[in-house]
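J.: Predicted model follows, preceded by the sequence.
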Amino acid sequence: DTEVTQTPKHLVMGMTNKKSLKCEQHMGHRAMYWYKQKAKKPPELMFVYSYEKLSINESVPSRFSPECPNSSLLNLHLHALQPEDSALYLCASSQGYRGLSNQPQHFGDGTRLSIL
Amino acid sequence: AQSVTQLGSHVSVSEGALVLLRCNYSSSVPPYLFWYVQYPNQGLQLLLKYTTGATLVKGINGFEAEFKKSETSFHLTKPSAHMSDAAEYFCAVSGYRTGGGADGLTFGKGTHLIIQP
């Protein structure tokens, strides 16, 4: 069982739709991450939140909008996506002590997103 | 910038044989290195990590890895392969950012481990 919970597990949406992905953890972690993983490729970092503040945006298009309402919850809002955005979206969390990036990240099982 | 290179996109071993998955890193500062496993339709599970201290690191499911600074390597091994080890394995490095703080992982391209009966 994973300690990082992502919902929904699968999502199919049209290019004009607005949807959100949700990620939740109750391990007391203060860093949370979004990754995108295309088929047969490694995950690629999209965003990092540290202490509920966006600290890293890897030049992600604005049609992806992250939100961190509290230390346990991370959302990814989607709008006007393109077919090439179809992928597995993974959320992760880590202890994220200030100044340290040696804490392992714990991953959820992901949301498989398909854009029609 | 930190990076990792995994040699061999596919590795096939017989059940009961030694598993060796290769990972080399590039880093201008002491790296933090990780091995993750991904089973089909699942997220990534941490196998083991190297941060500081002992260079031989033991992980879950009988896996271990040795950090060799002189060879810039962090190869993953398991003495005896089991059918359940068939999966995708990723080596990853965690970097430093100006001002410190949490950083994302940079992954190698992955190695698909096949276990022959």
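T.: Yes, it's here. No experiment lies behind these values; they were computed from the predicted model shown.

J.: all strands for chain B, in order.
T.: B:3-7, B:10-14, B:19-26, B:32-38, B:44-50, B:56-58, B:64-68, B:73-78, B:87-94, B:105-107, B:111-116 (DSSP state E).

J.: now the strands for chain A?
T.: Using DSSP E, strands in chain A cover A:4-7, A:10-13, A:18-25, A:31-37, A:44-50, A:53-57, A:64-70, A:73-79, A:87-94, A:106-107, A:111-115.

J.: who's in contact with the last one?
T.: Residues outside strand A:111-115 that contact it (Cβ atoms under 8 Å, 6 or more residues apart in numbering or on different chains) are A:6-15, A:21, A:78, A:81-89, B:41. Every residue, glycine included, has its C-beta placed from N, CA and C.

J.: Can you tell me the closest non-neighbouring residue to residue 52?
T.: As the question left the chain open, I've gone with chain A. Leaving out its chain neighbours, the residue that sits closest to A:Glu52 by Cβ to Cβ, 6 or more residues apart in numbering or on different chains is A:Cys68, at 4.9 Å.

J.: Please refer instead to chain B.
T.: Nearest to B:Thr52 is B:Pro30, by Cβ to Cβ, 6+ apart, at 7.4 Å.

J.: neighbours around the one you found, how many?
T.: B:Pro30 sits with 13 neighbouring residues when counted by other Cβ atoms under 10 Å in any protein chain shown.

J.: So is the helix or strand bottoming out on mean pLDDT in chain A next to chain B?
T.: Least confident element among the helices and strands of chain A, by mean pLDDT, DSSP states H and E: strand A:53-57 (a mean of 91). Yes: Strand A:53-57 reaches chain B (Cβ under 8 Å from any Cβ of the partner chain) through A:55-56.

J.: In PDB, list the C-alpha atoms belonging to that strand.
T.: What follows is strand A:53-57, C-alpha atoms only, in PDB (Å, rounded to 0.1, in the frame of the first residue of the first chain):
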ATOM      1  CA  LYS A  53       5.300  27.400  -1.400                       C
ATOM      2  CA  LEU A  54       6.100  26.800  -5.100                       C
ATOM      3  CA  SER A  55       9.900  26.500  -5.200                       C
ATOM      4  CA  ILE A  56      10.600  25.000  -8.600                       C
ATOM      5  CA  ASN A  57       8.700  25.200 -11.900                       C
END
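
J.: What is it packed up against?
T.: Counting contacts by 3 or more Cβ pairs under 8 Å, 6 or more residues apart in numbering or on different chains; DSSP states H and E, strand A:53-57 is packed against strand A:44-50, strand A:64-70.

J.: try 10 Å this time
T.: strand A:31-37, strand A:44-50, strand A:64-70 (3 or more Cβ pairs under 10 Å, 6 or more residues apart in numbering or on different chains; DSSP states H and E).

J.: For chain B, which residues score under the pLDDT cut-off?
T.: Across chain B, the ranges flagged by pLDDT under 70 are B:95-101.

J.: for the residue nearest the centre of chain A, what are its contacts?
T.: Nearest to the mean C-alpha position of chain A, counting by Cα atoms, centre = their mean, stands A:Trp34 at 2.8 Å. Counting by Cβ atoms under 10 Å, 6 or more residues apart in numbering or on different chains, A:Trp34 makes contact with A:21, A:23, A:43-49, A:57-58, A:60, A:64, A:66, A:74-76, A:89-92, B:104.
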